[in-house]
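A.B. asks: Build the 3D model from these lines:
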Amino acid sequence: MSADPSVRLATEADLPAVAEVYLTARDAASMPPRVHSSDDARARVRSWDLSVRDVWVAETGSVVVGFANLTRTWLDGLYVAPGAQGAGIGSTLLDLAKALRPHGFGLWVFAVNHPARALYRRHGFLELERTDGAGNEENAPDVKMVWPGADPLAYFRSLIDEVDLLLGDVLARRVALTRVVQDHKRAVFAAPDPSRDSAREHEIVTRVAGVVPELGPERVARIVHAIISESLDASRE
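C.D. replies: Residues are numbered from 1 along each chain as shown. From the prediction side, this is the model:
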C-alpha cells in the first residue's frame with residue numbers, strides 16, 4: 001500500500017464507496033458498537049449534502065481507502081479502511097484538514113478510542129472537554145478535541161465567546177424563572193419577600209458540581225449563591 005495516496009474532493013458518485021470505508025473502518029476500530037444498521041448507515045452517508053460539507057477521499061489506484069468529512073468548524077469524521085491503515089493515510093487527511101481550516105477546528109472522539117486520540121495528539125490536537133456520553137447515540141463517554149490553528153489564542157477566545165453567549169442565555173432564563181417562582185410564593189404565602197430555601201439550594205449546588213467536577217463543590221456553591229442572590233434581587237425590581 002502506497003504511503004502517499006492521491007487525495008481529492010469527493011463527488012456524489014463517491015459517497016457509496018465512502019459509506020463502505022466508514023462501515024469497515026468503524027467496525028474495526030476501538031469504538032462502541034453501531035446503533036444503526038449497515039443499510040441505514042449507507043443511506044445516511046449517501047444523503048450527505050456536499051454543498052455544506054467538504055468530503056475528501058484518499059485513493060490508491062482508483063479505490064477509495066479513506067476519507068475526511070469537514071464542515072466549517074468541525075471534522076465530522078476521518079476513517080481509513082482497515083487494510084490501508086498504517087500507511088500514513090490518516091495523517092495525510094489530517095494535514096489536509098489543517099491546511100483547509102487554518103483558523104482551527106474541533107472533533108469528537110470516543111474516550112475508548114485510544115489509537116485515534118493518540119493520532120490526534122501527535123498532530124497537535126488538545127483534549128478540551130469530556131462527557132459521559134449522554135449526548136451521543138451510543139451513550140458512550142467521548143472527548144472533544146481541538147486543533148487551535150495558526151493563532152491558538154484567537155481560536156480559544158472565539159470558543160470562550162460562544163460559551164459566554166450560552167451563559168447569557170442561561171442567566172436570562174434563570175432570572176425569568178426566579179421571578180415567576182417569587183411571584184408565586186408571594187401569592188401563596190402572602191409574604192412580601194419569601195425566604196430562601198437553603199435545602200433546595202444545597203441540592204442545586206450538588207447537581208451542578210457533578211457536572212463541573214473541576215470547579216469543586218465550594219467554588220460551585222459560591223457561583224450558585226451569587227446567581228440566586230442576583231436573580232432574586234432582579235425579581236424584586
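A.B. asks: State the pLDDT value of the residue located most distally from the centre of the chain.
C.D. replies: Distance from the C-alpha centroid of the chain, by CA atoms, centre = their mean, peaks at Ala190 (46.8 Å). Looking at Ala190, its pLDDT reads 79.
A.B. asks: so where do the strands sit in the chain?
C.D. replies: 6-9, 54-60, 63-70, 75-80, 105-110, 126-131, 142-147 (DSSP state E).
A.B. asks: What mean pLDDT does the longest one get?
C.D. replies: Put plainly, it is strand 63-70. 97.
A.B. asks: What is it packed up against?
C.D. replies: Applying 3 or more CB pairs under 8 Å, 6 or more residues apart in numbering; DSSP states H and E, we find strand 63-70 packed against helix 15-28, strand 54-60, strand 75-80, helix 89-100. Every C-beta, even on glycine, is put in place using the N, C-alpha and C of the backbone.
A.B. asks: TSV for these, including mean pLDDT, mean neighbour count and distance to Pro152?
C.D. replies: Formatted as TSV, these follow (pLDDT from 0 to 100; neighbours: other CB atoms under 10 Å; distance: least, CB to CB, whole Å):
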stretch	mean pLDDT	mean neighbour count	distance to Pro152
helix 15-28	97	18	30
strand 54-60	96	21	23
strand 75-80	96	21	17
helix 89-100	96	18	13
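A.B. asks: contact partners of stretch 122-129?
C.D. replies: 91, 94-95, 98, 106-107, 117, 121, 143-148 (CB atoms under 8 Å, 6 or more residues apart in numbering).
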